[in-house]
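>>> Structure, please.
(one chain, ligands or ions: 1)
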Amino acid sequence: MQKIVVQGGVPLRGEVTVSGAKNAVLPILCGALLADGPVEIANVPNLHDVATTARLLRELGASIEHDVDGARFLIDARDARGHVAPYDLVRTMRASVLVLGPLLARHGAAEVSLPGGCAIGSRPVDLHIHAMQALGAEVEVEHGYIKARARRLRGGRIEFPVVSVGATENALMAASLAEGTTVIDNAAREPEIVDLAECLRALGADIEGEGGARIVVRGVERLSGGRHAVVPDRIETGTFLVAAAMTGGRVTATAARADTQQAVLDKLAEAGAKVDVVGDAITVDMDGRRPRAVDLVTEPYPGFPTDMQAQFMALNCIAEGTGVIDERIFENRFMHVNELMRLGADIQIDGHRATVCGVERLSGAPVMATDLRASASLILAGLVAEGETVINRIYHLDRGYEHIERKLSGLGARIQRID
Ligand code: EPZ
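Next comes the predicted model:
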């Protein structure tokens with residue numbers, strides 16, 4: 001079992017290059033199933049979830065080649081005939097449910113294991129099913145599988161009662177090959193949705209309105225091959241910028257997209273950081289100051305992202321003052337709280353609200369990662385805690401961060417991975 005060991009107390013300085021976005025590349029890889037030509041995807045991050053998705057696509061019959069550092073994938077799904085996403089794969093990565101729309105659209109049939117819950121919540125998929133039914137699919141759920149069939153999907157009206165990133169992505173992919181026009185209302189507006197739409201458009205899809213609450217898709221007969229470069233990861237970027245703010249350092253994230261993370265940059269400025277954007281470089285300079293505590297409420301994009309909640313909780317732990325964090329998206333996304341308290345944090349939980357009173361100093365200790373972003377917040381806390389912090393179960397981290405300890409070492413952190 002690998003661990004990460006951090007010695008706290010070093011202000012981070014320097015430049016870090018951001019990788020492609022996990023939450024964009026996963027739907028884009030699934031979307032390649034729609035194409036009847038080779039699809040080349042650049043800026044692919046080297047993540048465990050990417051490897052899992054590649055395995056799933058191969059099981060479905062697609063051929064995938066990637067270059068030596070894995071940053072460029074060539075996917076050919078022309079002869080892919082499989083339509084079953086098995087439990088043993090889906091349970092390791094919920095995002096496998098994103099093959100539902102492409103399989104239905106391409107083969108008229110899909111059997112996808114119910115993903116099941118995870119540490120942060122029950123993670124239902126009722127909205128995914130609702131979207132497929134709105135496009136004319138017959139869907140039943142039995143023996144732990146979503147079983148969907150449709151001779152040919154037909155365009156329709158999809159009105160989401162709750163904003164859902166994944167369900168919007170499944171709807172977008174399925175509608176691309178449906179017969180007729182689809183209108184998706186109350187669509188998720190995340191930059192990863194925009195990136196998926198741009199990739200599908202490069203393959204010949206007819207989509208407009210992505211990034212807004214209403215997306216219109218005119219179905220086409222077929223999608224050809226094409227090329228797309230994955231948008232930079234706004235959550236990885238935000239994680240490194242919070243590390244700069246917490247350690248009092250100065251960090252520049254390059255190959256980044258500031259326009260996809262304005263809410264996070266505004267919060268960093270509110271915490272006292274000097275934030276500068278020049279092209280694809282975002283610099284946070286704390287100039288040795290201690291951050292000020294911030295209040296935040298997690299919301300669908302363009303609101304403050306739930307995937308940055310744990311990282312800002314770590315910042316509030318050592319900030320000046322008290323910050324109130326309101327987690328509105330997931331029902332159980334405070335798993336990092338108990339672990340942060342082991343490092344000396346002062347946090348009170350009341351339902352979906354956490355009140356964090358900043359302390360002068362955290363003290364290093366062994367802690368347990370529980371989910372992807374919680375793991376990141378424990379590393380951030382370790383960067384400022386006195387002495388040594390050991391983070392266990394770091395397989396959670398590797399799902400969503402590419403070589404995080406190498407990137408942090410490059411900024412001067414005393415951090416290493418040990419077996
Ligand atoms: C995506 O998950 C991301 N994952 C999550 O990132 C992210 O936290 C989340 O969007 C919100 O931004 C990927 O993109 C792979 P949702 P997703 O459907 O699509 C409820 C990370 O750390 N809901 O927008 O599963 C759901 O319970 C991960 O990188 C239904 O009720 O999120 C939640 O309360 C964690 N029924 C809310 O909607 C459904 O059918 C938002 O979920 C689907 C969702």
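>>> Please make it C-alpha for all contacts and neighbour counts, starting now.
OK.
>>> measure Leu57 to Asn186 for me?
Between Leu57 and Asn186 the distance is 29 Å, computed by Cα to Cα, to the nearest Å.
>>> More neighbours: which of the two?
Leu57 (25 against 17; other Cα atoms under 10 Å).
>>> In which helix or strand does the more buried one reside?
Using DSSP states H and E, the secondary-structure element containing Leu57 is helix 48-59.
>>> elements contacting that helix?
When contacts are defined as 3 or more Cα pairs under 8 Å, 6 or more residues apart in numbering; DSSP states H and E, helix 48-59 sits against helix 22-31, strand 63-66.
>>> Next, the angle helix 48-59 makes with the longest one.
Think helix 22-31. For helix 22-31 and helix 48-59, the angle between their directions (axes from the mean of the first three to the mean of the last three Cα atoms, to 10 degrees) works out to 0 degrees.
>>> Just checking: what are the partner strands of the very next helix or strand once past helix 22-31?
Toward the C-terminal end, the helix or strand that comes next after helix 22-31 (DSSP H and E) is strand 39-42. When pairing is defined by DSSP bridges, strand 39-42 lines up against strand 73-76 (antiparallel), strand 226-229 (parallel).
>>> Pick the most buried one from the ones you listed.
Mean neighbour count (mean count of other Cα atoms under 10 Å) peaks for strand 73-76 among the strands paired with strand 39-42, with a mean of 21.
>>> next one: that strand to chain centre, how far?
Per Cα atoms, centre = their mean, to the nearest Å, the displacement of strand 73-76 from the mean C-alpha position of its chain is 22 Å.
>>> Give the next helix or strand downstream of it.
Scanning forward in sequence from strand 73-76, with DSSP H and E defining helices and strands, the next element found is strand 84-85.
>>> Report all helices and strands that that following strand contacts.
With contacts defined as 3+ Cα pairs under 8 Å, 6+ apart, the secondary structure elements packing on strand 84-85 are strand 109-113.
>>> Can you list the neighbours in contact with the strand it packs on?
Contacts to strand 109-113, defined as Cα atoms under 8 Å, 6 or more residues apart in numbering, come from residues 83-87, 90-91, 97, 99-100, 103-104, 144-150.
>>> Parallel or antiparallel, list what pairs with that strand.
Strand 109-113 is paired, per DSSP bridges, with strand 84-85 (parallel), strand 145-149 (antiparallel).
>>> ok, it near the ligand or not?
No: counting by Cα under 6 Å from any ligand atom, no contacts exist between strand 109-113 and the ligand, the nearest distance being 13.7 Å.
>>> Show me which residues of the stretch 151-300 of the chain sit near the ligand.
Counting by Cα under 6 Å from any ligand atom, the stretch 151-300 of the chain sits next to the ligand at 164-167.
>>> how about 8 Å then?
For the stretch 151-300 of the chain, the residues in contact with the ligand (Cα under 8 Å from any ligand atom) are 162-168, 188, 190, 192, 235, 300.
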